[in-house]
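Participant: sequence first, then the predicted structure:
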Amino acid sequence: AQSVTQLDSHVSVSEGTPVLLRCNYSSSYSPSLFWYVQHPNKGLQLLLKYTSAATLVKGINGFEAEFKKSETSFHLTKPSAHMSDAAEYFCVVSEDDYKLSFGAGTTVTVRA
Amino acid sequence: GAVVSQHPSWVICKSGTSVKIECRSLDFQATTMFWYRQFPKQSLMLMATSNEGSKATYEQGVEKDKFLINHASLTLSTLTVTSAHPEDSSFYICSARDLGTSTDTQYFGPGTRLTVL
C-alpha cells in the first residue's frame, strides 16, 4: 500500500527566505513521487517528479526535492520564496504511475 | 502545456436532482481520465478511473450507481452525481493522462465545486 504524510499543514515564510515542505512516504515498491501545487481556482500543476533517475530533482519555478530512501522522505525546497508561491502544495506517491495517493496538503503563505 | 478543462466550474442544485460535470482534454487525447473528490482543507481522494470505451473502475467505498461515469471519446469524460444530497457537496477534480508523452503525466482540471441544498 502507498501513502504519504505531509508533516506540516501550514508553512509561513517571509518573501526572499527559504521554503521547506516536508513529506514522508510509505510504499511497498520503488515508487514515483511528485509534488503538485494548487492555486485558488486553478488546476493542480506538477512541480516535479522523481522516478529513480536522480535523487535530487529540479522542478519548475525554482523548486527542487531530494529523495532519501533511508529516511523515506521527499522534501520540497526553494531557496527564496516569492509572493506567487503562496498556494497549497501536495506530495503524491504512485507505485505504478497510474493511481496517485495524495498527502493532506501544506498551505504556504508568504509574508511581504 | 496540456490543458484540461471542467464544466461547470461551480454548480448549486437542490437535493434529489442530478448534476453532470464534464472533463475535457483540450489539446491531447486521453484514454484514461481520473475523478477525484476534495473536501475543504483536505486532500484529494481518487473516486474512479474512467476508461474510454469501457466501464469505469471505482475505488472501494464509492457508489457506482451514485456517481455515473461516461468516457465516450478520447477527449471527454463526464461524472453525473445522481439524486444529489447535501453530503455530496464537495470539490470534484478530474485529471487526464497524455498518451502523447513518455512521462505519463496526469494533467488536472481546475475543479468543479458542487453545493447541494
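Facilitator: Yep, that arrived. Being a predicted model, the structure only gives us computed values, none of them experimental. Numbers count the residues shown, from 1 in each chain, chains lettered A, B, ... in the order given.
Participant: tell me what the residue positioned nearest the centre of chain A is bridged to.
Facilitator: By CA atoms, centre = their mean, chain A has its centre lying nearest to A:Trp35, at 3.5 Å. Applying DSSP bridges to A:Trp35 yields these beta-bridge partners: A:Leu48, A:Cys91.
Participant: give the contact list for it.
Facilitator: A:Trp35 sits next to A:21, A:23, A:46-48, A:59, A:63, A:65, A:74, A:76, A:89-92 when contact means CB atoms under 8 Å, 6 or more residues apart in numbering or on different chains. Every residue, glycine included, has its C-beta placed from N, CA and C.
Participant: and chain A, which residues reach chain B?
Facilitator: A:36, A:41-46, A:49, A:90, A:97-105 (CB under 8 Å from any CB of the partner chain).
Participant: which residues of chain A fall in strands?
Facilitator: A:3-6, A:10-14, A:19-21, A:23-26, A:32-38, A:45-50, A:56-58, A:64-68, A:73-78, A:87-94, A:101-102, A:106-111 (DSSP state E).
Participant: TSV for those strands, including distance to B:His85 and mean pLDDT?
Facilitator: Listed next are the strands of chain A as TSV, based on distance: least, CB to CB, whole Å; pLDDT from 0 to 100:
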stretch	distance to B:His85	mean pLDDT
strand A:3-6	29	93
strand A:10-14	31	97
strand A:19-21	36	98
strand A:23-26	34	94
strand A:32-38	26	93
strand A:45-50	32	92
strand A:56-58	43	94
strand A:64-68	40	95
strand A:73-78	38	97
strand A:87-94	27	94
strand A:101-102	25	92
strand A:106-111	29	96
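Participant: burial of residue 68, as a residue count?
Facilitator: I'll assume chain A. 11 (other CB atoms under 10 Å in any protein chain shown).
Participant: other chain: chain B
Facilitator: Neighbour tally, B:Leu68, other CB under 10 Å: 16.
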